[in-house]
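Undergrad: structure, please.
(chains A, B, C and D)
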Number of protein chains: 2
Amino acid sequence: MSDGKPERGAVRNITDLARLAGVSPGTVSRALAGKSLVNTKTREKIESLAREHGFRPNQMASGLRRQKTDVIGVVIPLGHDTRQQISDSFFMTLLGYLADELTREGYDLMLRRVVPEEDADWLDRFIRSGMIDGVIVIGQSDQFDRIEEVADGYRPLVVWGNRQEGQHHCVVGTDNRLGGRIATERLVAAGARRIAFLGDTGPMEFAARFAGAQDVAARMGLPPILPLPTHLSPDRASEEIAQHLAAHAGAIDGIFAATDTLASLCLTELRGHGISVPDEVRLVGFDDLPIARQTVPPLTTVRQDIAAGARGLVDLLLRRLAGETTESMVLPPELVIRATA
Amino acid sequence: MSDGKPERGAVRNITDLARLAGVSPGTVSRALAGKSLVNTKTREKIESLAREHGFRPNQMASGLRRQKTDVIGVVIPLGHDTRQQISDSFFMTLLGYLADELTREGYDLMLRRVVPEEDADWLDRFIRSGMIDGVIVIGQSDQFDRIEEVADGYRPLVVWGNRQEGQHHCVVGTDNRLGGRIATERLVAAGARRIAFLGDTGPMEFAARFAGAQDVAARMGLPPILPLPTHLSPDRASEEIAQHLAAHAGAIDGIFAATDTLASLCLTELRGHGISVPDEVRLVGFDDLPIARQTVPPLTTVRQDIAAGARGLVDLLLRRLAGETTESMVLPPELVIRATA
DNA sequence: AATCATCCTGCAAACGATTGCAACAGGAAT
DNA sequence: ATTCCTGTTGCAATCGTTTGCAGGATGATT
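TA: Coordinates of the predicted model:
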């Protein structure tokens, strides 16, 4: 205050501050922690000194002593599609909401991106690092089993992904199978009969969407859904989509894309091939990312409520942190009809 | 090994493991840290015991003792446009690359999103938390002065943003003013004369792009650039863009958008208004995000090399961490010509 | 056999904050 | 005057790891 530049750097720890205030370190700790056991005058003196010197208690030390770091780990396993997944719009949006929610609850967020193939015990390593109070895994990728293994011995763990019959780990996610059904039903309602699924069917979530599509095909007596495996990274995807279209020209009149990103790329390719949407081919995406509103024509898609997902993840994690046992949370998908189907 | 389920949880710290191995804690520490002073046989025994019990040294304690946490803080100040900025494609892509680079260098990433208006000393608080070895700030937003204040007293700080004459903090970023010139020159070359700038001119980076556009207008004797202030969040932006278009119908034949995201929204609105691009109105964006390739028609834009930016940020930060003094790093923008100008 | 260097290992003091316990002051109650 | 509270404060152990220093064992050299 005095000079605009209080001599900072002099006070490095709670003991220095205690010396200045003429009290013991313990009292300083209590005062700064806002405990009720400190005399009001003492507290004010300590607080003003702390402010003046820009002092903040060291979180590492505090964490060590309290056995609680107030940090939540968020980890994105890059399974199938190493590159680019981390900048996938959906995951990033979810991450943004998670940051919001965690901040609101007084937690910091430690982000880690791992490649399970190079680092077998990525999850265990993170958990036992001692730096985090709990873990949120974004996307099961192909690591379902690894997660299951760990989940039994470690409570504060919540996963974004698909719910599996009888699984042990607590998961938050959209009902992908139902989403797949909804999307496919829409394609059929729009006149499609020979339907393809655009995307890799390896990852859990995608597999479930694919299964949902198959459900509908079976129920309605349509030909089986044709899987068109595709990577997620835009550069590779475009090319692969083009090949798929060339290979199955005329044999497909409806496409269910695993992701809005893929759907959008597909739309571009369809236009390139002179195929009209939705007249010749109907198209439905998944996620309802902002991009879905801006494609030409605007994309019909299945909406995932990302904000609700983030809230659910944090809420469940906090409850597990508090010792509760929690059920998984399944969010309802919602059809958003625009112009591609 | 033995049973598939080694009794974990028994070994909680280095001392437990020392007891098991029949050595002192110090030796265990040295062995696990890979120091050369330990007998090979002892080391192997300790390592195998550690593996068997899934033990990892506590990073908090280690950090406390070594005064080094191996964590880098990444903070996104949400200045002008509180909501949604964190899920802005550009920042998120940058964040992804940062995660990659930091991981490669053996650092973890702590992500924090702050609202400077609610929390005046966001930067100081983060720095002095004791949890991080250095800070990367993504975007100066309107916090230039605050960052300057802190930068003199804290070395391991690097900022993504715009370089200012005579500034004190180390910054990595594209030459926005040059980018603005390039974009505007392209608009002119494509036949535009009455040019507008779409976006808020408040944030540093945008202000520089705007200034670059003004440079060109002045040099070429064109009418002054018309600023069309717009929020970044898609929902508000669309509406605002529509209003701008309505207000200046026919009076504009070229638009330089501050961002590809805005450009893409603008394109949608233009189509809605039946205005043809690039015949009636030319459009140039900024960033070269993946979306730029998928708009209809594909977007002409100014490319920022995000990967190089991330590498630069991490590289400079590491060097400052090592005690070096570093210059700022200015990346060259690059015009990518597609079909909108 | 004595000396010395070379390896390893153990001891104990840090790092900085928290907290159970004890002690103290001052006032109230007896 | 004694006893008993109540409200504050200090003391010292603790969280788990690291590391400077000293010391012990071993083998080599004279």
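Undergrad: smallest gap between the stretch 101-250 of chain A and DNA strand C, at which residue?
TA: DNA strand C sits closest to residue A:130 of the stretch 101-250 of chain A, with a gap of 12.7 Å, by Cβ to the nearest atom of the strand. C-beta: built from backbone N, CA, C; applies to glycine.
Undergrad: and the strand or helix carrying residue A:266, how far out from the chain middle?
TA: Counting by DSSP states H and E, the element that carries residue A:266 is helix A:260-272. Counting by Cα atoms, centre = their mean, to the nearest Å, helix A:260-272 is centred 24 Å from the centre of its parent chain.
Undergrad: so what secondary structure elements neighbour it?
TA: Applying 3 or more Cβ pairs under 8 Å, 6 or more residues apart in numbering or on different chains; DSSP states H and E, we find helix A:260-272 packed against helix A:89-104, strand A:195-198, helix A:234-247, strand A:254-257, strand A:282-287.
Undergrad: quick check: neighbours of the last one in the sheet, parallel or antiparallel?
TA: For strand A:282-287, the pairing partners within the sheet under DSSP bridges are strand A:254-257 (parallel), strand A:300-303 (parallel).
Undergrad: what does it rub up against?
TA: Contact partners of strand A:282-287, identified using Cβ atoms under 8 Å, 6 or more residues apart in numbering or on different chains, comprise A:89-90, A:179, A:183-184, A:186-187, A:190-192, A:209, A:253-264, A:266-267, A:270, A:277, A:292, A:299-304, A:340-341.
Undergrad: run the last query once more with 6 Å
TA: For strand A:282-287, the surrounding residues in contact (Cβ atoms under 6 Å, 6 or more residues apart in numbering or on different chains) are A:90, A:183, A:186-187, A:190, A:192, A:254-257, A:259-260, A:263, A:277, A:292, A:299-302, A:304, A:340-341.
Undergrad: cool, and the third one?
TA: Surrounding helix A:234-247, the residues in contact under the criterion Cβ under 6 Å, 6+ apart are A:228, A:230, A:231, A:265, A:266, A:269, A:273, B:290.
Undergrad: report the buried residues of that helix.
TA: A:234, A:237, A:238, A:240, A:241, A:242, A:244, A:245 (16 or more other Cβ atoms under 10 Å in any protein chain shown).
Undergrad: circling back to that earlier point, CSV for the strands paired with strand A:282-287, including mean pLDDT?
TA: Shown next, in CSV, are the strands paired with strand A:282-287 (pLDDT from 0 to 100):
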stretch, mean pLDDT
strand A:254-257, 98
strand A:300-303, 98
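Undergrad: make JSON lines out of those strands and add mean neighbour count and distance to residue B:10.
TA: Shown next, in JSON lines, are the strands paired with strand A:282-287 (neighbours: other Cβ atoms under 10 Å in any protein chain shown; distance: least, Cβ to Cβ, whole Å):
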{"stretch": "strand A:254-257", "mean neighbour count": "29", "distance to residue B:10": "50"}
{"stretch": "strand A:300-303", "mean neighbour count": "27", "distance to residue B:10": "48"}
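Undergrad: JSON lines please, covering those and showing distance to DNA strand D.
TA: Converted to JSON lines, the strands paired with strand A:282-287 look like this (distance: least, Cβ to the nearest atom of the strand, whole Å):
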{"stretch": "strand A:254-257", "distance to DNA strand D": "48"}
{"stretch": "strand A:300-303", "distance to DNA strand D": "45"}
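Undergrad: from residue A:36, how far off is residue A:22?
TA: Using Cβ to Cβ, to the nearest Å, residue A:22 is found at 21 Å from residue A:36.
Undergrad: of the two, which one has the most company?
TA: residue A:22 (10 against 6; other Cβ atoms under 10 Å in any protein chain shown).
Undergrad: for residue A:18, find the nearest of the strands paired with strand A:282-287.
TA: Across those, residue A:18 has its closest neighbour in strand A:300-303 (55.8 Å, Cβ to Cβ).
Undergrad: convert the C-alpha atoms of the closest one to PDB, please.
TA: C-alpha atoms of strand A:300-303 as PDB (Å, rounded to 0.1, in the frame of the first residue of the first chain):
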ATOM      1  CA  THR A 300     -30.000 -32.700 -38.300                       C
ATOM      2  CA  THR A 301     -28.400 -34.300 -35.300                       C
ATOM      3  CA  VAL A 302     -28.700 -35.900 -31.900                       C
ATOM      4  CA  ARG A 303     -28.000 -33.600 -29.100                       C
END
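Undergrad: so for the helix or strand following it, mean pLDDT?
TA: Sequence order places helix A:306-321 as the next helix or strand after strand A:300-303, per DSSP H and E. Averaging pLDDT along helix A:306-321 yields 97.
Undergrad: returning to what we had before: closest one to DNA strand D out of the contacts of helix A:234-247, please.
TA: When the contacts of helix A:234-247 are ranked by distance to DNA strand D (Cβ to the nearest atom of the strand), residue A:231 comes first, at 39.9 Å.
Undergrad: which SSE is residue A:164 in?
TA: Here residue A:164 is assigned to no helix or strand, by DSSP H and E.
Undergrad: before we move on, what about the one 3 residues further on?
TA: Under DSSP H and E, no helix or strand contains residue A:167.
Undergrad: dump the residue contacts of it.
TA: Counted by Cβ under 6 Å, 6+ apart, residue A:167 has zero contacts.
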